[in-house]
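Participant: need a 3D model of the following:
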Amino acid sequence: MNSKTKNEKSHSAEEASAFQNNALEQQYGGGHAGGWVGRLPSSWVPYVQLTRLSPPAALFLIYFPHFFGVILAAIIQRSPVSQVLRASLIMLGGSFFFSNAAHGWNDLIDAPIDKSIARTSKRPIPRGAITPRAAFVFTATQAIGAASFLLLMPEGSGIYAIPNIIGTCYYPWAKRHTNFAQLVLGFCLAWGIIMGSCAMGLKPFTGGPFGGVDDNGWKQLFWAEPSIASLFLASILWTVIYDSIYAHQDIKDDIKVGLKSIAVLFRDQTKPLLWSLLGCMIALLYTCGNLLNMGIPFYIIAAGGSLLSLGAMIANVNLKESASCWWWFRYGFWLAGGAIAGGLLSEYDS
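Facilitator: Sure thing, here's the model as predicted:
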């Protein structure tokens, strides 16, 4: 009986692992075609796969920080609900097109490498479902679509998008140049907080090339509104945490092809680093709340929720198993992002 039970458990574990790996290959490996995607014209499906729209995790990776910026600015300015809803919808539309453009650009640059990595070899460009020329045209049209939403934002907001555009264009090469590509990605995603603040008419910088001028007509020192800066840095660390876990899926292939990442640099010592980063992230969320005298619900929901969700992810993920990394990445970022958004909303509603 014991032997039979052990065999059944082993078989079940193998089935679960195979299922998770299949889901991983479909959803981020470029092969997802079920659900609503299956109802689309066949010529559209590769573009949905290219942009990671099913499931829409990639879209919300980009939208969450924009939403954080909108709500934080609303808290600072005591903005009406109508303004918050308008800015949130503008950020959602812009995030949709920006996400499409960013993923198209990333896959276009990474296509030669993706061919040699098992998990990514079936993405639309490596497998030939989308030609590089078609991918470039698609990416350009999506970038134009994203830029059009800047016209709906307060005057002068466009200049704030420039650092993010530069960072996003560079990111595919960052994986070749530095082990800290996750920091580059974190900067690009967290910049959504800056754009969300701009959408609410709040200039996030108090000085420097993006900031204001003092009473004597002199440029102030380059700095950001402290609470925005704290949330911005916390969001960078949030990205570094979940993307480092995500990067462990391909660590063996990355080493073979010469790609760099925090996962490649730290390998078996990644978890101690992630615990340190999580501590810094929680401290920054606390600082953000303290600077604006936020109520207890913000600390419980945003800081406490992030600590529990990301702490559970770091503690339980098996970095040597791709399926485990995918599972915790997939659910861990949703929980932490929802916690931060919920904490900010609790303060805005109070």
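Participant: residue boundaries of the helices in this protein?
Facilitator: With DSSP state H as the criterion, the chain has helices at 2-28, 45-50, 57-77, 81-114, 132-148, 162-177, 181-199, 226-247, 251-257, 262-266, 270-291, 296-298, 305-316, 322-349.
Participant: export the ones you listed to a markdown table and tack on mean neighbour count, distance to Thr120 and mean pLDDT?
Facilitator: Every residue, glycine included, has its C-beta placed from N, CA and C. Listed next are the helices of the chain as a markdown table, based on neighbours: other Cβ atoms under 10 Å; distance: least, Cβ to Cβ, whole Å; pLDDT from 0 to 100:
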| stretch | mean neighbour count | distance to Thr120 | mean pLDDT |
| --- | --- | --- | --- |
| helix 2-28 | 13 | 8 | 45 |
| helix 45-50 | 21 | 11 | 92 |
| helix 57-77 | 24 | 14 | 95 |
| helix 81-114 | 20 | 4 | 96 |
| helix 132-148 | 16 | 14 | 97 |
| helix 162-177 | 16 | 12 | 95 |
| helix 181-199 | 25 | 15 | 97 |
| helix 226-247 | 24 | 12 | 95 |
| helix 251-257 | 15 | 9 | 89 |
| helix 262-266 | 20 | 15 | 94 |
| helix 270-291 | 19 | 21 | 97 |
| helix 296-298 | 18 | 39 | 97 |
| helix 305-316 | 18 | 23 | 96 |
| helix 322-349 | 21 | 12 | 91 |
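Participant: make CSV out of those helices and add distance to Gly38.
Facilitator: As requested, the helices of the chain are arranged in CSV below (distance: least, Cβ to Cβ, whole Å):
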stretch, distance to Gly38
helix 2-28, 12
helix 45-50, 8
helix 57-77, 19
helix 81-114, 20
helix 132-148, 21
helix 162-177, 30
helix 181-199, 30
helix 226-247, 26
helix 251-257, 29
helix 262-266, 33
helix 270-291, 37
helix 296-298, 42
helix 305-316, 31
helix 322-349, 21
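Participant: of all those, which one is nearest Glu155?
Facilitator: Among those, the nearest to Glu155 by Cβ to Cβ is helix 181-199 (10.3 Å).
Participant: how far off centre is that closest one?
Facilitator: For helix 181-199, the separation from the chain centroid amounts to 9 Å (computed by Cα atoms, centre = their mean, to the nearest Å).
Participant: follow-up on the earlier one: the helices of the chain: which one's closest to Val37?
Facilitator: Nearest of the helices of the chain to Val37, taken as Cβ to Cβ: helix 45-50 at 5.4 Å.
Participant: alpha carbons only: can I get that closest one in PDB?
Facilitator: Output of helix 45-50 as PDB, limited to C-alpha atoms (Å, rounded to 0.1, in the frame of the first residue of the first chain):
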ATOM      1  CA  VAL A  45      -3.600  35.200 -32.800                       C
ATOM      2  CA  PRO A  46       0.200  35.600 -33.200                       C
ATOM      3  CA  TYR A  47      -0.100  39.300 -32.300                       C
ATOM      4  CA  VAL A  48      -2.100  38.500 -29.200                       C
ATOM      5  CA  GLN A  49       0.700  36.000 -28.300                       C
ATOM      6  CA  LEU A  50       3.300  38.600 -29.100                       C
END
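Participant: nearest to Arg123, of the helices of the chain?
Facilitator: Of all the helices of the chain, helix 81-114 sits nearest to Arg123, with 5.4 Å by Cβ to Cβ.
Participant: go through the helices of the chain and name the closest to Thr206.
Facilitator: Smallest distance to Thr206 across the helices of the chain (Cβ to Cβ): 9.0 Å, for helix 226-247.
Participant: next, the angle from the closest one to helix 57-77.
Facilitator: 170 degrees (axes from the mean of the first three to the mean of the last three Cα atoms, to 10 degrees).
Participant: other SSEs contacting helix 226-247?
Facilitator: helix 57-77, helix 181-199, helix 262-266, helix 270-291, helix 305-316, helix 322-349 (3 or more Cβ pairs under 8 Å, 6 or more residues apart in numbering; DSSP states H and E).
Participant: quick one: the closest residue to Ala74 other than its chain neighbours and Ala234, what's the gap?
Facilitator: Spatial nearest neighbour of Ala74, excluding adjacent residues (Cβ to Cβ, 6 or more residues apart in numbering): Val84 at 4.9 Å. In this view, Val84 and Ala234 are 21 Å apart by Cβ to Cβ, to the nearest Å.
Participant: repeat for Pro124
Facilitator: Distance, Pro124 to Ala234, by Cβ to Cβ: 34 Å.
Participant: how about Pro55?
Facilitator: Pro55 is 25 Å from Ala234, where distance means Cβ to Cβ.
Participant: before we move on, back to that, between the helices of the chain, which gets nearest to Arg39?
Facilitator: Taking the helices of the chain one by one with Cβ to Cβ, helix 45-50 is closest: 10.0 Å.
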